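Novice: coords below, sequence missing:
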């Protein structure tokens, strides 16, 4: 098999050329360029790209994938069923762990949103109570003000009567 260009490799893998370029960019030390700066893919490179594709399909991100030093060619992959089963099982376990972590994050996020909602409701209740207390204090002040004025007026009248009585008694002197 001769070296393939990016377009041919993309067709062989059933992905877009952009996807191939993104994978190659993340593993640039692994893939070779020709004298024009274009990537060329050998059979071994195609096997690496198949490996990357299978890991991405299992849910791994590009950053989580590490290429093994040797990836068997397509024909050699069929001979290692035991290793593939183990690797597939490990990959499935990792995928389940990621989905569990994601679910846990979703649950925590929902709890935080619920707590925020409850706190907002409590804040509104406190504001309503504060407004009620202020209005009650205002009403109490209005009721006490007339009573104080009446009391002060009555006290002035009593004081004036005492003063006039006192003056009347000492008027002769």
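Specialist: Received it, and whenever you're ready, just let me know what you need. Being a predicted model, the structure only gives us computed values, none of them experimental.

Novice: going forward, measure contacts and count neighbours with C-alpha atoms only.
Specialist: Will do.

Novice: And stretch 23-31, what's buried?
Specialist: 23-24, 27, 31 (16 or more other C-alpha atoms under 10 Å).

Novice: whoops, I mixed them up, stretch 29-43
Specialist: By neighbour count on 16+ other C-alpha under 10 Å, the buried set for stretch 29-43 is 31, 39-43.

Novice: And the buried residues of stretch 23-31, which is closest to residue 51?
Specialist: Nearest to residue 51 among these: residue 23, at 11.0 Å, using C-alpha to C-alpha.

Novice: re earlier: tabulate the buried residues of stretch 23-31 (a markdown table), appending distance to residue 164, pLDDT and secondary structure.
Specialist: Shown next, in a markdown table, are these (distance: C-alpha to C-alpha, whole Å; pLDDT from 0 to 100; DSSP: H, G, I helix; E, B strand; the rest coil):
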| residue | distance to residue 164 | pLDDT | secondary structure |
| --- | --- | --- | --- |
| 23 | 109 | 91 | helix |
| 24 | 112 | 89 | helix |
| 27 | 111 | 86 | coil |
| 31 | 117 | 86 | coil |
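
Novice: And the furthest pair within those?
Specialist: Every pair of the buried residues of stretch 23-31 checked by C-alpha to C-alpha; the farthest is 23 and 31, at 10.0 Å.

Novice: sec struct for residue 59, please.
Specialist: Taken by DSSP: H, G, I helix; E, B strand; the rest coil, the conformation at residue 59 corresponds to coil.

Novice: any idea how far it is from residue 98?
Specialist: 9 Å (C-alpha to C-alpha, to the nearest Å).

Novice: picking up where we left off before, reformat the buried residues of stretch 29-43 as JSON lines; add secondary structure.
Specialist: What follows is these, written out as JSON lines (three-state DSSP):
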{"residue": "31", "secondary structure": "coil"}
{"residue": "39", "secondary structure": "strand"}
{"residue": "40", "secondary structure": "strand"}
{"residue": "41", "secondary structure": "strand"}
{"residue": "42", "secondary structure": "coil"}
{"residue": "43", "secondary structure": "helix"}
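
Novice: and the two most separated of those?
Specialist: Maximum pairwise distance among those (C-alpha to C-alpha): 13.2 Å, between 39 and 43.
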